[in-house]
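In: Sequence first, predicted model second:
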Amino acid sequence: MSEKFTVARLTKENEHFEILVKPQKALDYRNDKISGITDVLAAEIIFSDANKGTKVSEEAMRKAFGTTDPLKIADTILKKGTLQLTTEQRRKMIEDKRRQIIDFIARQAVDPKTNLPHPPMRIENAMEQIRYPIDPYKPVEEQAKEIVKLLRPILPLKIEQITVAVKIPAQYSARAYGSVKTLGTIKREEWRGDGSWYGELELPAGSYASLLNKLGDVTKGSGEAKIIS
């Protein structure tokens, strides 16, 4: 199959269903960036083997999908099936996932000697040494945890959760609350009579510096944060 068109496929009721699609538009549709499925399809045909041009019977379509409408079936295939990627798409997805993993490790893990996060570049350089095969479809957190185990012999890493007590003055409480809560899990909170906010957040130790920076920015330095456990 040339990279001008590619295949999306789904197996259902022991039958193979395939559609011929435009690579980038298919990926955009799958990621909800576009909604017009007719722009995605090279042909409004459901195949059992797109490379051979073998069509699926209406009976098989009706049994598996409850319809013979090729657009409805194509929508299901694109959203629930597998999409064959072009070389360039796969390269870009792997690079994007690699960056997400590096960012995750930088936020979640710390150097056990200093309890400070490693710079992303240091993590990236260490990852090059272990040559971990990034999977563009596998969740970031799952791969990051596997990578941390492999990195430990060459880069000291510790994933640790901490609890931080945060105080936000009344004049900044509404705005700052929305920013701060995105950095961790609120375990306890209290809106006080003077309009100020107190909360206890659980977050990765590597995110503590980000919390301090964000809190300082949105409260003009008047917010308080202290590690309590």
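Out: Nice, thanks for sending it over.
In: pLDDT on stretch 159-166, on average?
Out: Stretch 159-166 carries an average pLDDT of 88.
In: mind listing what's buried in that stretch?
Out: Ile162, Thr163, Val164, Val166 (16 or more other CB atoms under 10 Å). C-betas here are computed from N, CA, C, even on glycine.
In: got the CA positions of it in CSV?
Out: Provided in CSV are the C-alpha atoms of stretch 159-166 (Å, rounded to 0.1, in the frame of the first residue of the first chain):
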residue,chain,number,x,y,z
ILE,A,159,9.1,8.4,42.3
GLU,A,160,7.7,9.8,45.5
GLN,A,161,4.4,11.4,46.5
ILE,A,162,4.4,14.3,48.9
THR,A,163,1.7,16.2,50.7
VAL,A,164,1.9,20.0,50.6
ALA,A,165,-0.1,22.5,52.7
VAL,A,166,-1.1,25.5,50.5
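In: to the chain's geometric centre, what's the distance from that stretch?
Out: 23 Å (CA atoms, centre = their mean, to the nearest Å).
In: Quick check, Ala50 in contact with Phe17.
Out: No. Counting by CB atoms under 8 Å, Ala50 sits too far from Phe17 to count as a contact (9.8 Å).
In: can you give me the helices for the protein?
Out: Ranges of helices in the chain, per DSSP state H, are 23-30, 58-65, 70-80, 87-108, 120-130, 140-151, 173-180, 208-218.
In: Next, format these as a markdown table and append distance to Glu202, mean pLDDT and mean neighbour count.
Out: A markdown table is the format used below for these (distance: least, CB to CB, whole Å; pLDDT from 0 to 100; neighbours: other CB atoms under 10 Å):
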| stretch | distance to Glu202 | mean pLDDT | mean neighbour count |
| --- | --- | --- | --- |
| helix 23-30 | 34 | 92 | 20 |
| helix 58-65 | 44 | 95 | 16 |
| helix 70-80 | 34 | 96 | 18 |
| helix 87-108 | 13 | 92 | 17 |
| helix 120-130 | 23 | 95 | 15 |
| helix 140-151 | 16 | 91 | 16 |
| helix 173-180 | 13 | 87 | 17 |
| helix 208-218 | 11 | 88 | 16 |
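In: Mind checking these for the one nearest to Trp191?
Out: For the helices of the chain, the distance to Trp191 is smallest for helix 173-180, at 7.6 Å, taking CB to CB.
In: Please find the angle between the direction vectors of the closest one and helix 208-218.
Out: Interaxial angle of helix 173-180 relative to helix 208-218 (axes from the mean of the first three to the mean of the last three CA atoms, to 10 degrees): 150 degrees.
In: Mind listing residues that contact helix 173-180?
Out: Helix 173-180 is contacted from outside by 166, 168, 191, 195-197, 199, 201, 211, 214-215, 218-219, 223, using CB atoms under 8 Å, 6 or more residues apart in numbering.
In: Which members of those residues are positioned in strands?
Out: Val166, Ile168, Trp191, Trp197, Gly199, Leu201 (DSSP state E).
In: Quick one: buried ones out of those?
Out: By 16+ other CB under 10 Å, the ones in strands among the contacts of helix 173-180 give Val166, Ile168, Trp197, Gly199, Leu201 as buried.
In: ok, so of the residues you listed, who is nearest Pro70?
Out: Leu201 (50.1 Å).
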